[in-house]
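J.: Predicted structure and sequence below. I'll ask about it afterward.
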Amino acid sequence: MVEVSRRTFLKASAVTGGTLAASNFLFEGIKSVSKADVLAVAPVEDRVFTTCWIGKQDCGMSARRIDGRVVKFEGMAGHPRNDGTLCPKGQAQIISIYDPNRVKTPLVRTNGKGVTGEWRQASWDEALGLVAEQVNRVRAEDPSLVLWQKGRSKSSALYDNAFTKAIGSSKLGHGAYCSDTGYRALEYTLGLHGVLNPDLVNNRYLLAWGWNITNAGGNKFCWITWPRQMLEAREKGMKIVHVDPRLRAAGPFADEWVPIRPSTDLALALALCNELIAQGYLDRPYLAKFTNGPYLVGDDGLILKETFGEGDEAVDVAFVWDETTNSAKLATEATQPALEGDWTVEGKTYTTGFELFKAHVARYTAEWAAEVCGVDASVIRRMASEFGENAQIGATTIVDGVEVPYRPVGIMAYHMAQQELGFQALRAMTMVTMLVGAVGAVGGQLADTTWKIDKNYAAFEELKVGDPPYDFTLKGSKYFPINSGFPGMVAKVMQDPGRYGVENLPKVVILHHVNPVLAFTSQPDFLESYKKFEFVVSISPWLSETADLFADVVLPAATIEKYEGPLSASDGYIDAQVLRLPPMEPLFESKGEADIYLDLADKIGVLSGEGGYIEQINAELQLVDTEFALPDGERPQVRDIFDRWAKAQGLSGIDYFEQKGVWVKGPLSPDKVYGYVSDPPFGSAVHRLYGESLLKAQRLMKEKGAEEIYWRDYTAFPTWRAPTMEGSPPEYEFYLISYKLVEHKQSRTTLVPLLTELSGKQRLDINPAAARRLGIADGDAVIVESHNAVTGETRTLQTVASFTEGMRPDVVGMPHHFGSWAHPASKDLGPTPNGVFFTGEGYMGQTADASFHVKVKVTKAGGEA
Amino acid sequence: MTRYAMVVDLDRCQGCRACVEACKIENNTPSAVFWMYVFRLEEGEFPNTKMSFLPRPCQHCNNAPCVKVCPVGARYKRDDGLVLTDFDRCIGCRYCEVACPYGVNYFNWRGPEEAWAPYGVPFDDPDLAAVTGGAFPAYRNPDHDRLYGPEQRRTSGSSHYKGVVEKCTFCVHRVEQGLLPACVDTCPVGALKFGDTDDERSPISTFLRNHEHFQLLEELGTDPSVHYVGSTPPRSDAREIERPLTGV
């Protein structure tokens, strides 16, 4: 029975989730529904498990579906990382899954490149055929000139590894913009593939060094996991000292804020080392037994060694001074290696690495660092004494029946690694924790969830400094003997290969969820370099800005509606794995990347046969010689690939994940968590206090004619120098920093309208006193002009001043999630700071890694400052 | 008799606004409407700066000014503590909005099409509608099509009729199913709690007994059902930072 009331709406709108277009909901002139008629047809409701697509850490989700239509994602209960909860990104992603602005079908460009694209829709068959033709054309010449470039990948086995091996392409990641230099520093120093993070469960005193606590970001995790662990630790009494020019990152969770000058983290870490030594906070047993501190170093800076074996089998063993016999002994034979002293061995004088370190850091006093860092000397001394005191040097605890050191102090530092002096800053910060013996101790310093030694640890013992020609990443070159693979440097090389001794440039690029012209620093370099590619294909759910300007073909990837993985679900203490399962069919004509690569491999002609994609998948998923190996010769279904993987793990199959959501294996064994518990301790890595191979690399670089700007930071110990940007004229008085917001992750979230709504418009965070001095009021339009101290180039952007007392007066900051133009919800929200950052010499790290620092001047727009 | 209340633990809130988004998805609210809102606040001067986060849902006052001023009985207090709006009765006079000291009411100046337009996501796109049946928004929650409470009134979700006032319902449609409000359910750090304060043994009653707590603008005598734990009320010199886009 229909009753027409004053304020009404259409009957059908109230039934089963609505079947009407928006216009039918307009208030004017619509009819009503009686209460009795509401929900005459009961919708069918169910839930399916899946994995968050939008964030970094792959939280478990349960999708609520009504008649097969997903209406909400909620956290998966019992998932180690998020246990029934979701962050704002996890919640909001649903709107973008249903976004008709997604690329619906394969697209082929119909206009010239470098301007906004015009497109025609194509079939998958045609589009993949076009891509295969270009890939094969270049493969015939040299497969490595096909470049596979990713922003993010959630199935490295199937995409990064199996596919690129099958086609023989080069690959390039985004890590050099993220945290790679931290990884390199830790691989070098401790042998671990990770960046500094503490044993939060047991930690008592944390240097949250650039840790963006309340805005996500970190080693392996994104947001939910670490803040939960941080809160629990803090409720048990952990003190957080927040070392960052900007308070907002830690917000209310900073027990103490140390607003450090940007890019001076190395200086502070060196001063802390000096103070710890001066105040006597040294774990001598650790330093003597597990570091190269006791190694004998000659006047030439080289370690005294003896070589055993020949050729590839050759092993160098260092000498130490054995206090038991009062003689030089091989480190493997000495019972009591001396940490300090100097001796004559076979007519030459030697001292120890540790003795040299003490002498090296002696110049870095608290007073000296106070000048450099803009932090009071008394604060630096107190930080050192609090760190040393809380380390409880000598204390032990029992884990798994083993007595191990208990050192509840640590450092959290992840993205702060990406600065000009980042590699050595992270080395020095690691040394702060090494001096007190916190590495691998309970409550102390961790970096990974394994103590398995990374392959780079051995590779870094003898750094390769080769002769040209170099490949376009400059790996093994005289410029970057340690090289993270840096898209910014590649962009430089592509503009001027001759300058860097490069003969061959990549010709075809496959962009896998990556948007370099927006997401990477030094936008002008990317706008220029992508013109050089002969053929560009973009695989993404949206038309990225890079695709808009440069893609020849766009292949629409699905968002969450696909099979993908396997993915870790560990929180650092519990071992777990998960898959991404599709909560619905791919929307429009999109496909999951695994399907795209299977079909593309087929078109290219590398699906089957020796070294083909199927064989590579079997290898990467460790299915070779098992009953679950994919049969060669037939195009597999993606669900079947993961079903076989699941069975190979001893599970019933993919149905395990469909029914249970996550495979929780149980607590991570303590030997994975604590270096002292692993057998042998620390995976038998000798921690490199003294970086002999860095010094040797410097000498080789000089020999081969590399300029000082490349070799100057290849020093055995972290050594302070003023960052290059300090050479800018004084009117460039501010340091510009960029940062991440909790609403966003990389650039994909800028396509989620609910999130761009939350994050608002672009702004320049500025200290009110500093702004007023320049006649700038809160909300004023301002011009930010950056200056390159090497080339003299300047770049500008316009944005709006936003006052905050949580910023050092000599620093301005901008979130980096802006500058989009290809989506209606994110265009016109303001510029990306990547337009005014630089890349290349002086504005990158020694390991081919990005820096996010530049000196700028700020003026009120449209008037005199 | 059940009496629902919420606790906000300011010592745990990270200001992430997951609650804001969970509310928006669950209740299908359009652009610039935040039934749950989290202020990000700053006080003091560099370097003695204090930052804080303040989630603010409808306070579901026990002495609710909005209920008193509603001329048509659309805004009412239920026996279980929920303060709700009957969309079939609301005449859009906005007295509730004026009376509320917490700023939680949203008057619908715009009809649904206009209110959703800023998101730039046309849910009536034919290719999308082929999958969603034209649901508006595409993730439309059918729970809001039901009637709630002993009186069976239309109180749930954001139907977003032009000319009515909306606000947080404590997720009446979920609470009646025995679920937590969407904001509480999603909070990654346990900063939001919800339960029955009439039951002395309920977790929320126990928590409140064991923690100092305060209400927002206690001095006004509105007696909110939302209790804040940890930290202190924001000072009068607190400044809001990081405001979202407010649409119109």
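T.: Sure, I can see it.
J.: Run a quick neighbour tally on B:Val98.
T.: A count of nearby residues for B:Val98, using other Cβ atoms under 10 Å in any protein chain shown, gives 11. The way it works is simple: take the backbone N, C-alpha and C, and place the C-beta from them, glycine included.
J.: Specify the local secondary structure of the most centrally placed residue in chain B.
T.: Residue closest to the mean C-alpha point of chain B, counted by Cα atoms, centre = their mean, is B:Cys168 at 3.1 Å. Put simply, B:Cys168 is coil when judged by DSSP: H, G, I helix; E, B strand; the rest coil.
J.: residue contacts, it?
T.: B:23, B:35-36, B:57-58, B:60, B:104 (Cβ atoms under 8 Å, 6 or more residues apart in numbering or on different chains).
J.: what's the answer for A:Leu511, then?
T.: A:Leu511 neighbours (Cβ under 8 Å, 6+ apart): A:149, A:151, A:536-540, A:544, A:546-547, A:551.
J.: Partner strands of the helix or strand it falls within, with direction?
T.: Here A:Leu511, judged by DSSP states H and E, is contained in strand A:508-512. Sheet pairing of strand A:508-512 (DSSP bridges) gives strand A:146-150 (parallel), strand A:535-540 (parallel).
J.: B:Arg153: neighbour count?
T.: Neighbours of B:Arg153 using other Cβ under 10 Å come to 20.
J.: Now A:Gln698: closest residue in space, sequence neighbours ignored.
T.: Using Cβ to Cβ, 6 or more residues apart in numbering or on different chains and skipping residues adjacent in sequence, the residue nearest A:Gln698 is A:Tyr714, 3.8 Å away.
J.: and the gap between that neighbour and A:Asp575?
T.: 38 Å (Cβ to Cβ, to the nearest Å).
J.: Look at these two and report which has more neighbours.
T.: A direct count of neighbours by other Cβ under 10 Å for A:Tyr714 and A:Asp575 places A:Tyr714 higher, at 28 against 19.
J.: quick one on the thing from earlier: turn the contacts of B:Cys168 into CSV, including distance to chain A and secondary structure.
T.: Formatted as CSV, the contacts of B:Cys168 follow (distance: Cβ to the nearest Cβ, whole Å; DSSP: H, G, I helix; E, B strand; the rest coil):
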residue, distance to chain A, secondary structure
B:Cys23, 9, helix
B:Trp35, 14, coil
B:Met36, 11, coil
B:Pro57, 16, coil
B:Cys58, 19, coil
B:His60, 22, coil
B:Val104, 18, coil
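J.: Looking at neighbours, which among these is most surrounded?
T.: Top of the contacts of B:Cys168 by neighbour count (other Cβ under 10 Å): B:Pro57, with 29 neighbours.
J.: sorry, back to before: just the pLDDT for the residue nearest to A:Gln698.
T.: A:Tyr714 is assigned a predicted lDDT (pLDDT) of 98.
J.: And for the residue in the stretch 701-850 of chain A that chain B sits nearest to, the neighbour number?
T.: Nearest residue of the stretch 701-850 of chain A to chain B: A:Pro824, at 3.1 Å (Cβ to the nearest Cβ). Neighbourhood size, A:Pro824 [other Cβ under 10 Å]: 18.
J.: Over to A:Pro481?
T.: Count around A:Pro481 with other Cβ under 10 Å applied: 29.
J.: again with A:Ala318
T.: So A:Ala318, with other Cβ under 10 Å, has 21 neighbours.
J.: Going by secondary structure, it is in what exactly?
T.: Using DSSP H and E, A:Ala318 falls in strand A:315-322.
J.: I'd like the mean pLDDT over that strand, please.
T.: pLDDT averaged over strand A:315-322 gives 97.
J.: What strands line up against the next helix or strand after it, and which way round?
T.: Downstream of strand A:315-322, the next assigned helix or strand under DSSP H and E is strand A:327-330. Here strand A:327-330 has these sheet partners by DSSP bridges: strand A:315-322 (antiparallel).
J.: what about the helix or strand bottoming out on mean pLDDT in chain B and chain A, touching?
T.: Each helix and strand of chain B was given a mean pLDDT (mean pLDDT, DSSP states H and E); the minimum falls on helix B:112-116 at a mean of 90. Yes. For helix B:112-116, a contact with chain A is found by Cβ under 8 Å from any Cβ of the partner chain, at B:112-113, B:116.
J.: gap between the residue most central in space within chain A and A:Tyr414?
T.: Centroid-nearest residue in chain A, with Cα atoms, centre = their mean: A:Cys178, separated by 3.7 Å. Here A:Cys178 is placed at a distance of 8 Å from A:Tyr414 (Cβ to Cβ).
J.: List the contacts of A:Pro506.
T.: A:144-147, A:170, A:472, A:494, A:533.
J.: what sits up against the strand holding A:Ala318?
T.: A:292, A:294-296, A:303-309, A:327-338, A:341, A:343, A:345, A:350, A:352, A:461.
J.: Where does A:Leu518 fall, secondary structure wise?
T.: helix A:516-519.
J.: And B:Thr206, by the same measure?
T.: helix B:203-210.
J.: Can I get that helix as CSV, trimmed to CA atoms?
T.: Listed next in CSV are the C-alpha coordinates belonging to helix B:203-210 (Å, rounded to 0.1, in the frame of the first residue of the first chain):
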residue,chain,number,x,y,z
PRO,B,203,33.7,-3.5,29.9
ILE,B,204,32.9,0.2,29.3
SER,B,205,31.5,0.7,32.8
THR,B,206,34.6,-0.9,34.3
PHE,B,207,36.8,1.2,32.1
LEU,B,208,35.1,4.4,33.2
ARG,B,209,35.3,3.4,36.8
ASN,B,210,39.1,2.9,36.5
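J.: ok, then the element right after it?
T.: Next element after helix B:203-210 (DSSP H and E): strand B:213-214.
J.: Tell me which other helices or strands that following strand touches.
T.: Packing contacts for strand B:213-214, counted by 3 or more Cβ pairs under 8 Å, 6 or more residues apart in numbering or on different chains; DSSP states H and E, involve strand B:226-229.
J.: Just checking: what are the partner strands of the strand it packs on?
T.: strand B:4-9 (parallel), strand B:213-214 (antiparallel).
J.: Please compute how far the shortest one lies from its chain's middle.
T.: Taking Cα atoms, centre = their mean, to the nearest Å, the mean C-alpha location of strand B:213-214 is offset from the chain mean by 19 Å.
J.: residues in contact with that strand?
T.: By Cβ under 8 Å, 6+ apart, strand B:213-214 touches B:7, B:227-229, B:232-233.
J.: which of these count as buried?
T.: By neighbour count, with 16 or more other Cβ atoms under 10 Å in any protein chain shown, the contacts of strand B:213-214 hold B:7, B:227-229 as buried.
J.: what's near enough to touch B:Leu54?
T.: Contacts of B:Leu54 (Cβ under 8 Å, 6+ apart): B:8, B:10, B:13, B:38-39, B:41, B:234.
J.: What subset of these is buried?
T.: B:8, B:10, B:13, B:38-39, B:41, B:234.
J.: what's the farthest-apart pair in those residues?
T.: Between any two of those, the greatest separation by Cβ to Cβ is 13.8 Å, found for B:Val8 and B:Leu41.
J.: what sits against residue 199?
T.: In the absence of a named chain, this looks at chain A. Counted by Cβ under 8 Å, 6+ apart, A:Asp199 has contacts A:408, A:410, A:441-446, A:673-674.
J.: That was the other one, I meant chain B.
T.: Counting by Cβ under 8 Å, 6+ apart, B:Asp199 has contacts B:2, B:205.
J.: From B:Arg56, how far out is it?
T.: Counting by Cβ to Cβ, the gap from B:Asp199 to B:Arg56 is 25 Å.
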